[in-house]
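Engineer: Please find the sequence and the predicted model below.
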Amino acid sequence: MMYFSRMKTTLILGVCLLGMLFGVPNLFPAPANWLPWRTVHLGLDLRGGSYLLLEVDMGAVLKERLDSLADGVRQALRGGQIFYQTLEPQQDQHRVLLRLRDASKTDAAVAALKPLISQDGPTGLPDMAIGSDPNGTITLTLSATALAARAAGAVDQSIEIVRRRIDETGVLDPQITRQGENRIVVQLPGVGDPDHIKRLIGKTAHMTFRLVDETANANAGGPPPPGDDFLQMQDRPNEKIAVRKRIDVDGADLTDARAGTSPETGEWVVNFTFNSVGARRFADVSRANVNHRFAIVLDDKVISAPVIREAITGGRGQISGSFNAQSANDLAVLLRAGALPAPLTVVEERSVGPELGADSIRAGALSLAAGFVLVIAFMAVFYGLFGWFANLALVINLLLMLGIMSLLQATLTLPGMAGILLTLGMAVDANILINERIREEQRLGRPPLAALEHGFKRAYGTIFDSNATAFLAHVMLFVFGSGPVRGFAVTITVGIATSLFTAWMLTRLLVSRWYVATRPKLLPV
């Protein structure tokens, strides 16, 4: 128990040295860009920044599902040569209303629509119910369970896409978490003016490629023909264009988008690349519609509608328009991150000034220093030399914590600083157990070496059990918590791991080397 081989000693000292080296980048700026200079990031409450509370538009999620269902109904009836006089999505009743021209075909229509019912959701239940009457009226009503599952999926997808968009802007360590059923909390440390990021987050960025209906005049007034939409041109707001409702190629098939300049004109453009599915569909559509216009639609606005001169088979394309460097890069970021399933609105916005962060750091540093001094004084007074061994291990423990958190590029928040202070007290718990056990063994009359052996050995079980339960509790806190709570959990879990190492390995090594060097008749504990 008290014997340490040369390799074991080297390993323990090497771990301590590595921890200190990983913590060094927090004290100095990076000497070169290519050097992996990992540091601990300060959270919103310490560094200042912006807080945004976003809300997912559940009405848009429902509308999109009903429109998709209506399109599916249209396709299903077309294949069976069944004609209708009304096809109306009714958002307030969560259903699509269908009235047939010929009531005698009601049963045939219901049979044609049954394949639209899906049971592949998380509940395994039908996602809609089909009802009909003898007058030829058919209703397709979405189930509440399916709508709830779709809404939850929309929020989860929105969180992931918001994270991708913010990561593209270079903001370090944003905190993006879910709040309630349909809200998302975004914390941006170091971002004093979040307007640019709000614009990026707020755009749905759903891009589609649709054929232009060249027979319709969108600027003549009146409703659009069946199967068409009158959409506004992005660079000419007073002009509209008629495009087909049918989506020929979806922007979800894009794999990359980059801002660049056109070699011919020198204007800013966005170059995009499709995956294999998108490239095949793009080639088929362009091959079948040479000399016809093909509209590029972003969030129900037409960016451009060029004429297809030849089949585009390479899976690559270019979006041109009235772009500058910033707008072209923003569009590329949005396309790379993907489209939001529904619009997001900013419900609440707060800014945390750096002055408040400086005050928090000052108060946290003062509490850490005071707690550290009190713990060291307690150990030195109550346990003498062995208390000083514990104090040295405590200093190494803090350096190891800093090194590991730097390696993980963790975020330090005010609760995280509280976690460090709590770790200081927890770190010496193991040393107190060991020292008290050594005292008892010495009172029982055991010689010094035997007292050390039994003290460390018998305290090990209690130390491991108590730290293991605390570790599991804080892992659960990290898994189910959010924001600053997770920062607190990270600090504590890292502290538990380093405390076990320093108390069980480093302190035992120090005591062992001291005993070999002095061979005392009585332990100063």
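Structural biologist: Received the coordinates, thanks.
Engineer: and the next element down the chain from the helix or strand containing Thr462?
Structural biologist: Per DSSP states H and E: Thr462 is located in helix 448-480. Following helix 448-480 in sequence order, the next helix or strand is helix 484-501 (DSSP H and E).
Engineer: rewinding a little: who does the helix holding Thr462 touch, helix- and strand-wise?
Structural biologist: helix 414-443, helix 484-501, helix 507-518 (3 or more Cβ pairs under 8 Å, 6 or more residues apart in numbering; DSSP states H and E). To be clear about C-beta, it is placed using only N, CA and C from the backbone, and glycine gets the same treatment.
Engineer: Can you list the buried residues in that helix?
Structural biologist: Neighbour-count burial for helix 448-480, counted by 16 or more other Cβ atoms under 10 Å, picks out 448, 451-456, 459-460, 463, 467, 470-471, 474, 477-478.
Engineer: same deal with stretch 46-66?
Structural biologist: Quick answer for stretch 46-66 (16+ other Cβ under 10 Å): 46-52, 54-58, 60-62, 65-66.
Engineer: tell me the mean pLDDT for it?
Structural biologist: Taken as a whole, stretch 46-66 has a mean pLDDT of 85.
Engineer: next one: stretch 376-385
Structural biologist: Stretch 376-385 comes out at a mean pLDDT of 89.
Engineer: quick one: contacts of that stretch?
Structural biologist: Stretch 376-385 has contacts (Cβ atoms under 8 Å, 6 or more residues apart in numbering) with Gly387, Trp388, Ala390, Asn391, Leu394, Val428, Asn431, Ile432, Asn435, Trp514, Pro524, Val525.
Engineer: Alpha carbons only: can I get that stretch in CSV?
Structural biologist: Extracted C-alpha coordinates of stretch 376-385, given in CSV (Å, rounded to 0.1, in the frame of the first residue of the first chain):
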residue,chain,number,x,y,z
ILE,A,376,-5.5,25.4,4.5
ALA,A,377,-5.5,26.9,8.0
PHE,A,378,-7.9,24.2,9.3
MET,A,379,-5.8,21.3,7.9
ALA,A,380,-2.5,22.8,9.2
VAL,A,381,-3.9,23.4,12.7
PHE,A,382,-5.7,20.0,13.1
TYR,A,383,-3.3,17.6,11.4
GLY,A,384,0.1,19.3,11.5
LEU,A,385,2.6,17.9,8.9
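Engineer: quick revisit: figure out which of the helices and strands packed on helix 448-480 is closest to Ala144.
Structural biologist: Closest approach to Ala144 among those is made by helix 484-501 (31.8 Å; Cβ to Cβ).
Engineer: What is that closest one packed up against?
Structural biologist: Packing contacts for helix 484-501, counted by 3+ Cβ pairs under 8 Å, 6+ apart, involve helix 354-407, strand 411-412, helix 414-443, helix 448-480.
Engineer: centre of the chain versus the shortest one, how much separation?
Structural biologist: For strand 411-412, the separation from the chain centroid amounts to 16 Å (computed by Cα atoms, centre = their mean, to the nearest Å).
Engineer: mind listing what it pairs with, with the direction of each?
Structural biologist: Here strand 411-412 is paired, per DSSP bridges, with strand 41-42 (parallel).
Engineer: Low-confidence stretches in this structure?
Structural biologist: Residues of the chain meeting the criterion pLDDT under 70: 1-2, 32-34, 119-124, 172-173, 193, 205, 354-357, 482-484.
Engineer: domains of it?
Structural biologist: Domains of the chain are assigned by automatic domain parsing as 6-47+354-518, 59-148, 203-350.
Engineer: To Gly190, which of those lies closest?
Structural biologist: Each of the domains of the chain has some distance to Gly190 by Cβ to Cβ; the shortest is domain 6-47+354-518, at 5.4 Å.
Engineer: Ends of that closest one, what's the gap?
Structural biologist: 19 Å (Cα to Cα, to the nearest Å).
Engineer: go on, stretch 225-237?
Structural biologist: End-to-end distance of stretch 225-237 (Cα to Cα): 21 Å.
Engineer: residues contacting Val212?
Structural biologist: Neighbouring residues of Val212 by Cβ under 8 Å, 6+ apart: Ile241, Ala242, Val243, Arg244, His292, Arg293, Phe294, Ala295, Ala305.
Engineer: Can you give me the distance of the fifth one to Gln232?
Structural biologist: Using Cβ to Cβ, to the nearest Å, we find His292 at a distance of 21 Å from Gln232.
Engineer: can you check the fourth one too?
Structural biologist: As for Arg244, its distance to Gln232 is 16 Å (criterion: Cβ to Cβ).
Engineer: What of Val96?
Structural biologist: Val96 is 27 Å from Gln232, by Cβ to Cβ.
Engineer: same check, this time on Ala430
Structural biologist: Ala430 is 68 Å from Gln232, by Cβ to Cβ.
Engineer: of the two, who's got more company?
Structural biologist: Ala430 (24 against 14; other Cβ atoms under 10 Å).
Engineer: are any of the contacts of stretch 376-385 buried, and which?
Structural biologist: By 16+ other Cβ under 10 Å, these give Gly387, Ala390, Asn391, Leu394, Val428, Asn431, Ile432, Asn435, Val525 as buried.
Engineer: Whatever helix or strand Val285 lives in: which residues count as buried?
Structural biologist: In this assignment (DSSP H and E), Val285 forms part of helix 276-288. Buried residues in helix 276-288, counted by 16+ other Cβ under 10 Å: Gly278, Ala279, Arg281, Phe282, Ala283, Val285, Ser286.
Engineer: same thing with stretch 77-90?
Structural biologist: Leu77, Ile82, Tyr84, Leu87, Pro89.
Engineer: distance between stretch 209-228 and the chain's centre?
Structural biologist: 40 Å.
Engineer: how long is that stretch end to end?
Structural biologist: 14 Å.
Engineer: Phe22: neighbour count?
Structural biologist: 20.
Engineer: mind checking how far it is from Leu412?
Structural biologist: From Phe22 to Leu412 the distance is 15 Å (Cβ to Cβ).
Engineer: Settle this for me: Gly80 is touching Ala109, isn't it.
Structural biologist: Yes: checked against Cβ atoms under 8 Å, the pair Gly80 and Ala109 is within contact range at 7.4 Å.
Engineer: Work out the gap between stretch 353-366 and the centre of the chain.
Structural biologist: 27 Å.
Engineer: again but with stretch 195-211, I slipped
Structural biologist: Mean C-alpha position of stretch 195-211 versus that of the full chain (Cα atoms, centre = their mean) differs by 19 Å.
Engineer: And for stretch 36-55?
Structural biologist: Chain-centre distance of stretch 36-55: 14 Å, with Cα atoms, centre = their mean.
Engineer: cool, stretch 396-411 as well?
Structural biologist: Distance, centroid of stretch 396-411 to centroid of chain: 22 Å (Cα atoms, centre = their mean).
Engineer: cool, stretch 463-471 as well?
Structural biologist: That offset, for stretch 463-471, works out to 30 Å (Cα atoms, centre = their mean).
Engineer: Check stretch 446-465 too.
Structural biologist: Worked out by Cα atoms, centre = their mean, stretch 446-465 lies 45 Å from the chain centre.
Engineer: now stretch 143-159
Structural biologist: Distance, stretch centre to chain centre, for stretch 143-159: 17 Å (Cα atoms, centre = their mean).
Engineer: if we can go back for a sec, mind listing residues that contact the helix holding Val285?
Structural biologist: If you take Cβ under 8 Å, 6+ apart as the criterion, helix 276-288 is touched by 209, 211, 248-250, 253-255, 274, 294, 308, 310-315, 317.
Engineer: Swap in 10 Å and give it another go.
Structural biologist: 209-211, 247-255, 272-274, 292, 294, 308-317 (Cβ atoms under 10 Å, 6 or more residues apart in numbering).
Engineer: The helix or strand just after it vs helix 276-288, what angle?
Structural biologist: Following helix 276-288 in sequence order, the next helix or strand is strand 294-298 (DSSP H and E). Relative orientation of strand 294-298 versus helix 276-288 (axes from the mean of the first three to the mean of the last three Cα atoms, to 10 degrees): 140 degrees.
Engineer: Mind listing the strands strand 294-298 pairs with, and their directions?
Structural biologist: Here, using DSSP bridges, strand 294-298 pairs with strand 207-211 (antiparallel), strand 301-304 (antiparallel).
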